[in-house]
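Novice: Got a sequence here, can you build the structure:
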Amino acid sequence: MSALLFPGQGSQVVGMGSEFYNKFDLVKKVFNQADQKLDFPISKIILEGPADKLQLTKNTQPAILTVSYSIFKVLQNEFNFDFSSFKFFAGHSLGEYSALVSADALDFNDALYLLHERGKAMQESVPIGEGSMVAVLGLNINEVKTFLSNKKNEGICEIANDNADGQVIISGNKNCVDELITSFKEKKIKCIPLKVSAPFHCSLMKPAANIMNEKINKTIFKTPKFKIINNVTATAEDNETTLKKLLVDQIASTVRWRESLVEMSSSGVNNFIEIGPGKALIGMVKRSINKKEVKCFSINSISDIKNLINEFKK
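Specialist: Numbering: from 1, shown residues only. Here you go, the predicted structure:
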């Protein structure tokens, strides 16, 4: 049994998807569609940069969707890859939009618009320099919660991502996060401040959630062809109204990715296929699912697709 995974912010790199863009007219059409919908050349930013422009959240989010969806369409239309045996689609944060589009629950144009607006709303929720995020390595989520419960600073400091065993992300007010970083270093716990423009997936993002609530609810959703494992509850969902609500809630909630992987594995998934830029999600699978029979695939190139097809023929 298989699951399809779509990456989120942090996987972007200038030139991502270029091999597919140069090889397939289908991908050129998807990129062109994105340019027309957003009314600016997102394809040029994806393929040529500059990097600082790609890193802007309002650009990063639709850019990753465009690349992920392009690779999905190549698999589906150019290589006739059969997804009928797949049990779940799932995406990390903005990757949930890629999952919904690929599962025919959300129109690509609508998703581009929503992610561009989502990126702007998230960026504008907290003044630049007032928020911060840090990756804590080597601790599980309960151990991180203990640190949070002992903090002295009254600012907001919450778990943004439970990514994998030993990889938890904290988000909140900068002074509060800085205090925690000091505590971690005193205890010889490795932590890495993240280069982000805003403190994502914490209650500081509630203004963005309020802005997106109306925009998401105005958008037409359909029943997805595959169950979507959502970030908020880490459970499978296919009801359009519920999926909308969960996308709104997701903005200011913890991304429960480790639990999502465990849920898929417990439901019989042994093949995890990541589609889109980077290989971050596959790394998280390997850290979180300790089963010999689990196979992981990352699809970033045409040769990756050929290897995947050969494996599925066995």
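Novice: neighbouring contacts of stretch 95-103?
Specialist: Stretch 95-103 is contacted by residues 4-8, 61, 64-65, 68-69, 72, 89-91, 106-108, 111, 114-115, 221, 224-226, 228, 230-231, 243, 247, 250, 275-276, 281 when judged by CB atoms under 8 Å, 6 or more residues apart in numbering. Yep, even glycine has a C-beta here, placed from its N, CA and C like the rest.
Novice: And for stretch 44-53?
Specialist: 14-18, 21, 31, 54, 59, 63, 66-67.
Novice: how about a cut-off of 7 Å?
Specialist: For stretch 44-53, contacts defined as CB atoms under 7 Å, 6 or more residues apart in numbering pick out 14-18, 21, 54, 59, 63, 66-67.
Novice: same thing with stretch 270-279?
Specialist: Stretch 270-279 is contacted from outside by 1-7, 11-13, 16, 64, 67-68, 71-72, 98, 281-282, 285, 293-300, 308, using CB under 7 Å, 6+ apart.
Novice: can you give me the strands in the stretch 1-150 of the chain?
Specialist: Here the stretch 1-150 of the chain has its strands, by DSSP state E, counting those that start in this stretch, at 2-6, 86-91, 131-137.
Novice: Give me the distance between the second one and the centre of its chain.
Specialist: Going back to what we said before, that points to strand 86-91. In terms of CA atoms, centre = their mean, to the nearest Å, the centre of strand 86-91 is found 13 Å from the chain centre.
Novice: before we move on, back to that, whichever of the contacts of stretch 95-103 end up buried, select them in PyMOL.
Specialist: The following PyMOL line selects those of the contacts of stretch 95-103 that are buried, judged by 16 or more other CB atoms under 10 Å:
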select buried, resi 4+5+6+7+8+61+64+65+68+69+72+89+90+91+106+107+108+111+114+115+221+224+226+228+230+231+243+247+250+275+276+281
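Novice: Of the contacts of stretch 44-53, keep whichever come out buried.
Specialist: Neighbour counting with 16+ other CB under 10 Å marks 14, 16-17, 21, 54, 59, 63, 66-67 as buried within the contacts of stretch 44-53.
Novice: any chance of these in a markdown table, plus distance to residue 138?
Specialist: Shown next, in a markdown table, are these (distance: CB to CB, whole Å):
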| residue | distance to residue 138 |
| --- | --- |
| 14 | 31 |
| 16 | 30 |
| 17 | 33 |
| 21 | 39 |
| 54 | 31 |
| 59 | 33 |
| 63 | 32 |
| 66 | 35 |
| 67 | 31 |
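Novice: Please identify which pair of these lies farthest apart.
Specialist: Across the buried ones among the contacts of stretch 44-53, the longest distance by CB to CB is 16.9 Å; it joins 21 and 59.
Novice: List of residues touching the host helix or strand of residue 170?
Specialist: If you go by DSSP states H and E, residue 170 is part of strand 167-173. Contacts with strand 167-173, where a contact means CB under 7 Å, 6+ apart, come from 130-137, 139, 141, 144, 155-163, 177, 180, 199-202, 204, 287.
Novice: quick one: average confidence on that strand?
Specialist: For strand 167-173, the mean per-residue pLDDT is 96.
Novice: same deal with stretch 64-82?
Specialist: Averaged across stretch 64-82, pLDDT comes to 96.
Novice: Quick one: end-to-end distance for it.
Specialist: 23 Å (CA to CA, to the nearest Å).
Novice: I'd like the distance from that stretch to the chain centre, please.
Specialist: 17 Å.
Novice: Tell me which residues of the one helix or strand residue 243 maps to come out buried.
Specialist: Under the criterion of DSSP H and E, residue 243 resides in helix 240-250. Under the neighbour-count criterion of 16+ other CB under 10 Å, helix 240-250 has 240, 243-248, 250 buried.
Novice: closest to residue 151 out of the strands of the stretch 1-150 of the chain?
Specialist: Among those, the nearest to residue 151 by CB to CB is strand 131-137 (12.7 Å).
Novice: Tell me the neighbouring strands of that closest one, and mark each as parallel or antiparallel.
Specialist: Here strand 131-137 is paired, per DSSP bridges, with strand 167-173 (antiparallel), strand 191-193 (antiparallel).
Novice: just the helices in the stretch 101-250 of the chain please.
Specialist: Counting by DSSP state H, counting those that start in this stretch, the stretch 101-250 of the chain has helices at residues 108-124, 141-149, 174-186, 206-218, 240-250.
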